[in-house]
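Trainee: my questions are about this predicted structure, shown below with the sequence.
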Amino acid sequence: MNGSNKQPESADAVVIGGGIIGTSTAWFLARQGLNVVLCEKGIIAGEQSSRNWGFIRKQGRDPHEIPLMVHSLEIWEDLYTRSKADIGFHKGGTLYLSETEKRYQANQAWFEHAKTFGLDSRFLSRQELQTLVPEIQEQKLEALYTPSDARAEPELATRAIADVAQSNGATILEQCAVRGIDVEAGKVSGVVTEQGRIKTSTVVCAGGVWSGYFCRHLDIVFPHLKVISSVMATEATSFSMQQSLWSSGLGMRKRQDGGYNIAFGGSSDCEITPDFIRFCNRYISSYRHSKETVSLKLGSRFFKELSWPKKWSFDQKTVFEKERMLDPRPNEKLLNEAYQLLGKTFPNLKNIAIAKKWAGMIDVTPDELPVISEVSNLPGLIISTGFSGHGFGIGPGAGKVTAELAMGKIPTIDISCFSLSRLQK
Ligand SMILES: Cc1cc2nc3c(=O)[nH]c(=O)nc-3n(C[C@H](O)[C@H](O)[C@H](O)COP(=O)(O)OP(=O)(O)OC[C@H]3O[C@@H](n4cnc5c(N)ncnc54)[C@H](O)[C@@H]3O)c2cc1C
């Protein structure tokens with residue numbers, strides 16, 4: 001990525017954030033001939049968009065997201081054909097095991113949505129599963145399978161999208177934090193970055209975990225919490241299961257380098273931060289469903305964020321420049337559990353060597369759905385964030401509808417369920 005691009009004095013639109021949402025939005029804006037600038041405080045795909053598992057799945061998705069995900073998959077295929085870089089895109093399918101009766105019932109319940117949307121999801125009998133993946137330890141119950149689901153290499157894919165945006169005319173600025181938004185006569189009139197001002201009437205905030213704090217200087221309340229999820233990659237192996245697999249304990253996806261990404265499926269750590277205290281009452285209902293899989297963690301992040309100013313001056317260094325990239329420490333205990341489960345589920349992988357471990361900070365909204373929305377009391381600002389742990393697969397489609405909103409067009413897919421106002425009641 002060309003991080004040495006010069007910051008222009010004006011633009012048709014400015015996108016804040018170089019994750020999959022920001023890069024996809026910039027791509028679709030540039031494709032329409034708009035003069036667009038993307039500002040990323042660190043590097044393209046430095047945070048969630050390079051750290052995720054790489055599942056591109058319809059299976060198991062909240063039904064509100066399914067139409068956008070179906071459209072997104074079409075864009076992934078288009079990107080795969082047009083991108084010169086190999087992004088590791090492959091339609092290997094998604095497989096959800098049903099190790100317990102409870103999980104089987106949950107898979108059954110979701111299958112009803114698959115039928116409504118006409119997806120190719122189906123249940124595999126024990127024998128069919130054994131034929132598809134002979135190495136798997138015998139399962140007692142039927143597994144849910146969606147053959148048309150896909151996967152890609154998150155970092156390569158997000159960077160490829162930024163490259164396509166750039167070749168369509170977008171200016172991509174790395175190491176360029178946006179400090180704040182200028183407002184004149186009640187409308188967006190520009191942004192102030194660490195390199196100076198850009199005049200613009202349209203700003204897209206795709207800042208991931210940072211969006212809620214960023215919006216505070218505009219008095220916009222945007223609740224989302226930070227959840228840390230840990231992952232590891234195995235060394236390359238001749239084992240070649242192509243399906244991305246999820247059980248209550250294990251998440252697994254074939255990597256382009258021949259290894260697998262492994263994680264403790266569905267288990268993560270929620271950081272207690274000042275925002276957690278501010279917003280936790282809005283999460284009571286989702287916490288009831290996920291309390292077995294989410295642990296609350298009080299650490300140094302609480303005190304760091306407590307020291308952040310509520311309002312800040314645009315002519316001084318901000319927290320966005322002080323923390324260019326979130327790089328949380330992986331949870332070794334959860335990764336060990338995943339490793340044990342891997343050996344139990346696939347005895348042939350029992351002693352496989354681990355090549356690397358990492359973690360990512362996920363931004364989660366109270367209803368675990370994103371916000372892709374105009375801001376009613378600030379014309380010119382679009383928020384596209386809060387993808388709650390499933391924004392990679394849906395990212396290209398989300399970028400497309402975000403760009404459409406920014407251009408004042410009716411989005412290709414109905415996104416009224418992703419309004420900001422639903423979280424402000
Ligand atoms: C471990 C893990 C596993 C996951 N697995 C999957 C999966 O398998 N499938 C799936 O679909 N999703 C998955 N996700 C979720 C997915 O990664 C995210 O939903 C998605 O990447 C969010 O993209 P984003 O662009 O909104 O945010 P990010 O990728 O976090 O990008 C936001 C960017 O904005 C920048 N930024 C913030 N503030 C400013 C500012 N003021 N100025 C300039 N830049 C700024 C940040 O530096 C950051 O680079 C997973 C996430 C994690 C962490």
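Mentor: In hand now; what should we look at?
Trainee: hmm, residue 26 is touching residue 165, no?
Mentor: Yes - using Cβ atoms under 8 Å, residue 26 is in contact with residue 165, at 4.3 Å. In this view, the C-beta of every residue, glycine as well, is placed from N, C-alpha and C.
Trainee: for the two, indicate the residue with more neighbours.
Mentor: residue 26 (34 against 28; other Cβ atoms under 10 Å).
Trainee: residues in contact with that one?
Mentor: Residue 26 makes contacts with 15, 36, 38, 162, 165, 170, 172, 399, as judged by Cβ atoms under 8 Å, 6 or more residues apart in numbering.
Trainee: give me the local confidence score for the nearest residue to the second one once chain neighbours are set aside.
Mentor: Pointing back at residue 36 there. Closest residue to residue 36 apart from its sequence neighbours, by Cβ to Cβ, 6 or more residues apart in numbering: residue 29 at 4.3 Å. At residue 29, the pLDDT value in this model is 98.
Trainee: for residue 4, same thing?
Mentor: Note for residue 4: predicted pLDDT of 52.
Trainee: joint contacts of residue 26 and residue 165?
Mentor: 36, 38, 172.
Trainee: what is the nearest of these to the ligand?
Mentor: Using Cβ to the nearest ligand atom, residue 38 comes nearest to the ligand of those, at 8.8 Å.
Trainee: the residue lying farthest from the centre of the chain: what secondary structure?
Mentor: Most distant from the centre of the chain: residue 127, at 34.6 Å, with distances by Cα atoms, centre = their mean. Taken by DSSP: H, G, I helix; E, B strand; the rest coil, the conformation at residue 127 corresponds to helix.
Trainee: thinking again about what came up before, among the contacts of residue 26, which one has the most neighbours?
Mentor: Busiest of the contacts of residue 26 [other Cβ under 10 Å] is residue 15, holding 37 neighbours.
Trainee: was I right to think it contacts residue 34?
Mentor: No - judged on Cβ under 8 Å, residue 15 makes no contact with residue 34 at a distance of 10.5 Å.
Trainee: re the thing from before, phi, psi of the residue nearest to residue 36?
Mentor: When read as degrees, to the nearest 10, the backbone of residue 29 gives phi -70, psi -40.
Trainee: now it: how far from residue 242?
Mentor: Taking Cβ to Cβ, to the nearest Å as the measure, residue 29 and residue 242 are separated by 34 Å.
Trainee: same deal with residue 69?
Mentor: 20 Å.
Trainee: these two - which one has more neighbours?
Mentor: Neighbour totals were compared for residue 69 and residue 242, and residue 69 leads with 23 against 14 (other Cβ under 10 Å).
Trainee: right, and the helix or strand after the helix or strand the more buried one falls within?
Mentor: Assigned by DSSP states H and E, residue 69 belongs to helix 66-82. Downstream of helix 66-82, the next assigned helix or strand under DSSP H and E is strand 94-96.
Trainee: returning to what we had before: and the residue nearest to residue 36, how close does it get to the ligand?
Mentor: 15 Å (Cβ to the nearest ligand atom, to the nearest Å).
Trainee: residue 286 too?
Mentor: Residue 286 is 16 Å from the ligand, by Cβ to the nearest ligand atom.
Trainee: element containing that residue?
Mentor: helix 284-290.
Trainee: quick check: the residue nearest to residue 36 touching residue 401?
Mentor: No - counting by Cβ under 8 Å, residue 29 sits too far from residue 401 to count as a contact (12.0 Å).
Trainee: neighbour-wise, which of these two wins?
Mentor: residue 29 (32 against 26).
Trainee: what separates that one from residue 288, distance-wise?
Mentor: Taking Cβ to Cβ, one finds residue 29 at 40 Å from residue 288.
Trainee: check residue 251 too.
Mentor: For residue 251, the distance to residue 288 - Cβ to Cβ - is 23 Å.
Trainee: who has more neighbours, these two?
Mentor: Taking neighbours as other Cβ under 10 Å, residue 251 and residue 288 compare with residue 251 leading, 22 against 8.
Trainee: can you verify my assumption that the more buried one contacts residue 268?
Mentor: No - taking Cβ under 8 Å as the definition, residue 251 is not a contact partner of residue 268, at 10.8 Å.
Trainee: show me what from the stretch 151-300 of the chain comes close to the ligand.
Mentor: Contact residues (Cβ under 6 Å from any ligand atom) of the stretch 151-300 of the chain with the ligand: 177, 178, 206, 207, 208, 209, 210, 214, 229, 231.
Trainee: hmm, the first one is touching residue 192, no?
Mentor: No - Residue 177 is not in contact with residue 192 according to Cβ under 8 Å; the separation is 9.8 Å.
Trainee: those two: which has the busier surroundings?
Mentor: Between residue 177 and residue 192, residue 177 has the larger neighbour count (other Cβ under 10 Å), namely 26 against 18.
Trainee: for the ligand, what's the nearest residue on the stretch 201-350 of the chain?
Mentor: Of the residues in the stretch 201-350 of the chain, the one nearest the ligand is residue 208, at a distance of 2.7 Å by Cβ to the nearest ligand atom.
Trainee: number of nearby residues for that residue?
Mentor: Residue 208 - counted by other Cβ under 10 Å - has 28 other residues nearby.
Trainee: contacts only, for it.
Mentor: Contacts of residue 208 by Cβ under 8 Å, 6+ apart are 17, 19, 21, 47, 48, 49, 363, 385, 387.
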